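> Quick check, what structure comes out for this input:
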Amino acid sequence: MNKKIEYAPLSYDTVFKGFFSKEDNKNLLLSLLKNYLDLDIVSEDDIQFTNTELTPNKVDDKMPRLDLRVKIRTGESINVEIQSRFVPHFLKRLYYYNAKMYNKLYKTLLFRHPERSNARALRSRMDLTN
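Okay, the predicted model is just below:
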């Protein structure tokens, strides 16, 4: 008797995270990033997994957690999110996540370079002027 094994689709949040966040599957993540985002990355060594948790605004706030967060050799930090169904507030959530990521980058640059505390110098250093 043959039993049919059913697998959850990659569009499920936990399956997506589990599949693409493994070192053994970096080649597949590389392909995904190159094809969807048209990034100039050529090897698995160009991708580094980073922490997916973002700091909440208040102690009693929910901990924001990204599906997948990677840093590529150019220094860019990329948030990869999967959505299997329509959620009206999804775009707002993406804006929030990106704002949190930029805020952390801003604070990191400010800490490392206190002499560049004005926003214009930091914006150009972060390459956000485009």
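
> Kindly report the domain assignment for this protein.
Using automatic domain parsing, the domains assigned to the chain come out as 7-85, 87-130.

> show me what contacts the residue nearest in space to the middle of the chain?
The centre of the chain sits closest to Asn79, judged by C-alpha atoms, centre = their mean, with a distance of 1.8 Å. By C-beta atoms under 8 Å, 6 or more residues apart in numbering, Asn79 lies in contact with Leu66, Asp67, Leu68, Arg69, Leu94, Tyr97, Asn98, Met101. Yep, even glycine has a C-beta here, placed from its N, CA and C like the rest.

> where does it land on pLDDT?
We have a pLDDT of 89 for Asn79.

> And Lys17, how close does it get to Pro9?
Using C-beta to C-beta, to the nearest Å, we find Lys17 at a distance of 13 Å from Pro9.

> the more surrounded of the two?
Lys17 (17 against 8; other C-beta atoms under 10 Å).

> Show me which of the contacts of Asn79 are buried.
Among the contacts of Asn79, those that count as buried by neighbour count (16 or more other C-beta atoms under 10 Å) are Leu66, Asp67, Leu68, Arg69, Tyr97, Met101.

> returning to what we had before: just give the closest residue to the residue nearest to the centre of the chain, not the sequence neighbours.
Leu66 (5.1 Å; C-beta to C-beta, 6 or more residues apart in numbering).

> From what I see, that neighbour and Thr52 are in contact.
Yes: under the criterion of C-beta atoms under 8 Å, Leu66 makes contact with Thr52 at 4.4 Å.

> where along this protein do the helices fall?
Here the chain has its helices, by DSSP state H, at 13-20, 26-37, 90-112, 119-125.

> Among the ones you listed, which comes closest to Lys58?
Each of those has some distance to Lys58 by C-beta to C-beta; the shortest is helix 90-112, at 13.2 Å.

> Report the contact partners of Asn27.
Residues counted as contacts of Asn27 (C-beta under 8 Å, 6+ apart) are Glu44.
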